[in-house]
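Novice: only geometry, no sequence info:
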Ligand SMILES: N[C@@H](CCC(=O)N[C@@H](CS)C(=O)NCC(=O)O)C(=O)O
């Protein structure tokens, strides 16, 4: 199988995606916790372009970018497939993963972490994006059907990290009233042991965010 290492950061939803995927595959791995204020030489060597975690190192080969890492993990270890094999469904999962990373995530950051007009404009945009996702998940247990897969792992940021940020920054974005289907999916996802056992400790994460955003709350 070869040695498997994850260069990560316990707070990061991107790192946790990789860990959840490896756990689903039953792969033993070592986590190398990075200090993002003082990145290790190894991290900069493995990811000289983006200089970001997560990096998966398999048999000495670095793979960067969490979405690509999930695909790599799925191709190398076949048990518990993450992506559908059907080409249309696979394209669908990849499309929505990009939607989450390219549209929702940056808009969440602006909506929650800025103030005034900038925040209000981003909040409006975020509600449009979340409505699109709400319609996509309506009537489904998970994005891919009855079992958790690639897209659920990618979207775990919406189930866990966004609610924590909302709590600390006192901005209500995702509520049961506005997004009942996203909230149902969140409950299903967080009830999966492979997910809930591999998330950051909630109190520790809230404390981290409170310290980080102390001047904003
Ligand atoms: N697109 C990347 C995003 C990863 C990312 O943003 N990582 C953050 C931590 S959550 C990071 O390493 N930040 C360090 C920096 O920007 O200097 C992925 O999916 O892996």
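Specialist: That came in fine, so what should we check first? These numbers come from a predicted model, not from an experiment.

Novice: Name the residues that touch the top helix by length along the chain?
Specialist: When the chain is parsed with DSSP state H, its longest helix is helix 116-137. The contact list for helix 116-137 (C-beta atoms under 8 Å, 6 or more residues apart in numbering) reads 96, 99-100, 103-104, 107-108, 110-112, 114, 143, 155, 158, 171, 173-174, 178-182, 185. Any C-beta I mention is one placed from the backbone N, CA and C, and that applies to glycine too.

Novice: Restricted to helices, list these.
Specialist: 96, 107, 108, 110, 111, 112, 155, 180, 181, 182, 185.

Novice: top of those by neighbour count?
Specialist: Using other C-beta atoms under 10 Å as the neighbour criterion, residue 155 leads the ones in helices among the contacts of helix 116-137 with 27 neighbours.

Novice: isn't it right next to residue 143, touching?
Specialist: Yes - Residue 155 is within contact range of residue 143, at 6.8 Å (criterion: C-beta atoms under 8 Å).

Novice: joint contacts of the two?
Specialist: What both residue 155 and residue 143 touch, as defined by C-beta under 8 Å, 6+ apart, is the set 96, 185.

Novice: so residue 4 bridges to which residues?
Specialist: residue 58 (DSSP bridges).

Novice: just checking, it touches residue 32?
Specialist: No - using C-beta under 8 Å, residue 4 is not in contact with residue 32, being 11.2 Å away.

Novice: The two: which has the busier surroundings?
Specialist: The neighbour count for residue 4 versus residue 32, taken as other C-beta under 10 Å, is higher for residue 4 (19 against 16).

Novice: got a list of what that one touches?
Specialist: Contacts of residue 4 by C-beta under 8 Å, 6+ apart are 22, 27, 28, 29, 30, 56, 57, 58.
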